[in-house]
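[1] Take this sequence and fold it.
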Amino acid sequence: MNYYLFFPMAAFVANTMFIAFVYARRTNSPIIRSYLLYTISLDAWLFTYAFGWSFPPKPWMTWAFKILSITWLPLGTLYLEFVFTFLNRKPGIFLWLFRIGIPISYLIILSTDWVIQGSIHYYWGNEGEPGPLHFFVISNFVALPALIGLGVLTQSFFASGKDQRKQTGLAILGSMFAIFLSFYSEIIQVDDQGRMLSMPLTSIGIVIQSFLIFIAITRYGFLRINVEGLAADLFRDIHDGMILVRRDRSLFL
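    This next block holds a predicted model:
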């Protein structure tokens, strides 16, 4: 039995419960829709980990990792898009470049061995074997947009009020854990061939991020999920009016 499988599976269950929590309190806000899209993509990435670590080495693993790269390839861009939506900013040129680069990168992954050229069996499970362009794609289309989003969110933290800082600070802290644990274990902690030297810590970072954002939502109304926001959404389409009734409480026409 692969005991390392506990980490992505536990993270998948915890993150799925968090998604259900946010979805149950959803409104028509584009902020919540954008965040749900991002965190569902995180969940899909965790599923990819669980999938790869569940099987012994198989010949079809290479194709599986190529196809499932769609779960992690757009993560940085989705995070950046959420940050722009949360701060009510228009998408910059960088976001459009990432949007264009992701489908191009995915086509390259599927049609060549430049990004993923095989599968490797580590002591914790199977992972994709990096090709010559693996570091370039990961750095420029996953890590870079995530770091830009984190920088933009941090900049807004220093320009916001006290109440806004409490919720934004927790979101920044959670994002830092998720980004840097993943960056360290999957990009820095590798040998000269790009192979990982230790088990990825991404699943732990995602759980920490979800937990801190859960606190930000429940305590400080992050994502505008609070009593005031729900009430405003509930009564948004209700207009003032007057009803006339007779003394016997029947409707007066």
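
[2] any idea of the pLDDT on Tyr220?
    Reading off the confidence values, Tyr220 has pLDDT 80.

[3] oh, I was asking about Glu186
    pLDDT, Glu186: 89.

[4] Distance of the closest residue to Val142 other than its chain neighbours relative to Phe82?
    Nearest residue to Val142 in three dimensions, chain neighbours excluded: Gly76, at 4.4 Å (CB to CB, 6 or more residues apart in numbering). All C-beta spots, glycine's among them, are computed from the backbone N, C-alpha and C. Distance, Gly76 to Phe82, using CB to CB, to the nearest Å: 11 Å.

[5] count of neighbours near the nearest residue to Pro74 once chain neighbours are set aside?
    Residue nearest to Pro74 in three dimensions, not counting chain neighbours: Ile102, with 5.2 Å by CB to CB, 6+ apart. Number of residues near Ile102 (other CB atoms under 10 Å) recorded here: 21.

[6] so Ile102 makes contact with Thr77?
    Yes - Ile102 lies in contact with Thr77 (CB atoms under 8 Å); the separation is 6.0 Å.

[7] in the protein, which spans are strands?
    116-121, 126-130 (DSSP state E).

[8] Single out the most deeply packed of the ones you listed.
    Burial of those is given as mean neighbour count (mean count of other CB atoms under 10 Å); strand 126-130 ranks first at a mean of 21.

[9] What is that strand packed up against?
    Here strand 126-130 touches helix 30-54, helix 61-68, strand 116-121, going by 3 or more CB pairs under 8 Å, 6 or more residues apart in numbering; DSSP states H and E.

[10] Taking their axis directions, the shortest one and helix 30-54 sit at what angle?
    Strand 116-121 runs at 60 degrees relative to helix 30-54, counting by axes from the mean of the first three to the mean of the last three CA atoms, to 10 degrees.

[11] and strand 116-121, C-alpha only, in CSV?
    Presented in CSV, the C-alpha positions along strand 116-121 are these (Å, rounded to 0.1, in the frame of the first residue of the first chain):
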residue,chain,number,x,y,z
ILE,A,116,6.8,15.7,-20.9
GLN,A,117,8.8,12.9,-22.4
GLY,A,118,7.9,10.0,-20.2
SER,A,119,7.0,8.9,-16.7
ILE,A,120,9.3,8.2,-13.7
HIS,A,121,8.5,6.0,-10.7
